[in-house]
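Student: just a sequence and a predicted model for now, questions to come.
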Amino acid sequence: MAASGALAGTSFVRAGAAGILAAAEAACTARDEGAPFETLSDAEAREFEAIAARILPTTDTPGAREAGVIWFIDRSFGSIFQGRLEFARGGLAAFQAAIPAQYPGAHAFSDLDTADQDRYLATQESTGFFQFLRIMTLAGFFGMSSYGGNRDHVGWKLLGLEHEHHGWQPPFGYYDAAWRRDETDDA
């Protein structure tokens, strides 16, 4: 997991602000308009979305599907994670390989009911593919909605954050508490 996080962080840094902004704008437009996927095939998107939907399932609160995480994943593989696309495709193929033998009549993860999906995922949690997709799912669910996921700010609402909350809004922490206190005393 730590290695996956380091890999993901490094890829985000290399992408640069301009690349991230362009990907974010394209992802939001596609997600909101229901446009076809740009990077993933429909079959790949169906499988990635099915996995993401079990990582963050819909319960009494919205899950990965409602947040549009698949749009974040699709656009990320076409931009900032382009170098990881073949890893993800190979990982998906390996992930799917055992399903027909374990679940007769099923050919893909999305063919399974949710209970079987959860059982199967439990056998895959230690794989690099699953860990990478978990990071992608969390980023798409809790990231800025302009990146393609977090539709209607559902991830932020679950955390109790305001609609336009950003990580760089003060107060940041103990180290700027005095600055923030002075600012509010002047108001």
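Tutor: Cool, got the structure.
Student: other residues contacting whichever strand or helix holds A101?
Tutor: For A101, the element it lies in under DSSP states H and E is helix 99-102. Helix 99-102 has contacts (CB atoms under 8 Å, 6 or more residues apart in numbering) with 106-109, 111-112, 120. In short, each C-beta sits where N, CA and C put it, glycine included.
Student: make a markdown table out of these and add distance to A98.
Tutor: A markdown table is the format used below for the contacts of helix 99-102 (distance: CB to CB, whole Å):
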| residue | distance to A98 |
| --- | --- |
| A106 | 11 |
| H107 | 12 |
| A108 | 12 |
| F109 | 10 |
| D111 | 13 |
| L112 | 12 |
| Y120 | 8 |
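Student: show me which residues of the helix holding A101 are buried.
Tutor: Neighbour-count burial for helix 99-102 flags I99 (criterion: 16 or more other CB atoms under 10 Å).
Student: alpha carbons of that helix, as PDB, please.
Tutor: Extracted in PDB, the C-alpha atoms of helix 99-102 (Å, rounded to 0.1, in the frame of the first residue of the first chain):
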ATOM      1  CA  ILE A  99     -13.800 -15.700 -12.100                       C
ATOM      2  CA  PRO A 100     -15.200 -18.200 -14.600                       C
ATOM      3  CA  ALA A 101     -13.700 -21.200 -12.700                       C
ATOM      4  CA  GLN A 102     -14.800 -20.000  -9.300                       C
END
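Student: D152 contacts L158, doesn't it?
Tutor: No - applying CB atoms under 8 Å, one finds D152 not in contact with L158, separated by 11.4 Å.
Student: return the subset of the contacts of helix 99-102 lying in helices.
Tutor: Per DSSP state H, helices hold the following members of the contacts of helix 99-102: Y120.
Student: how about the contacts of helix 99-102, which pair is most distant?
Tutor: Among the contacts of helix 99-102, the pair separated by the greatest distance (CB to CB) is H107 and Y120, at 13.1 Å.
Student: of the two, who's got more company?
Tutor: Y120 (20 against 10; other CB atoms under 10 Å).
Student: quick check: the gap between that one and L159.
Tutor: 29 Å (CB to CB, to the nearest Å).
Student: A122 too?
Tutor: Look at A122 and L159: by CB to CB, they are 26 Å apart.
Student: okay, now A106: neighbour count?
Tutor: 18.
Student: tell me which stretches of this protein form helices.
Tutor: Ranges of helices in the chain, per DSSP H, are 2-33, 42-55, 64-67, 69-77, 85-97, 99-102, 114-124, 128-142, 154-159, 177-186.
Student: now the first one: mean pLDDT?
Tutor: Translated: helix 2-33. Helix 2-33 comes out with an average pLDDT of 51.
Student: and what of the fifth one?
Tutor: When the per-residue pLDDT values of helix 85-97 are averaged, the result is 97.
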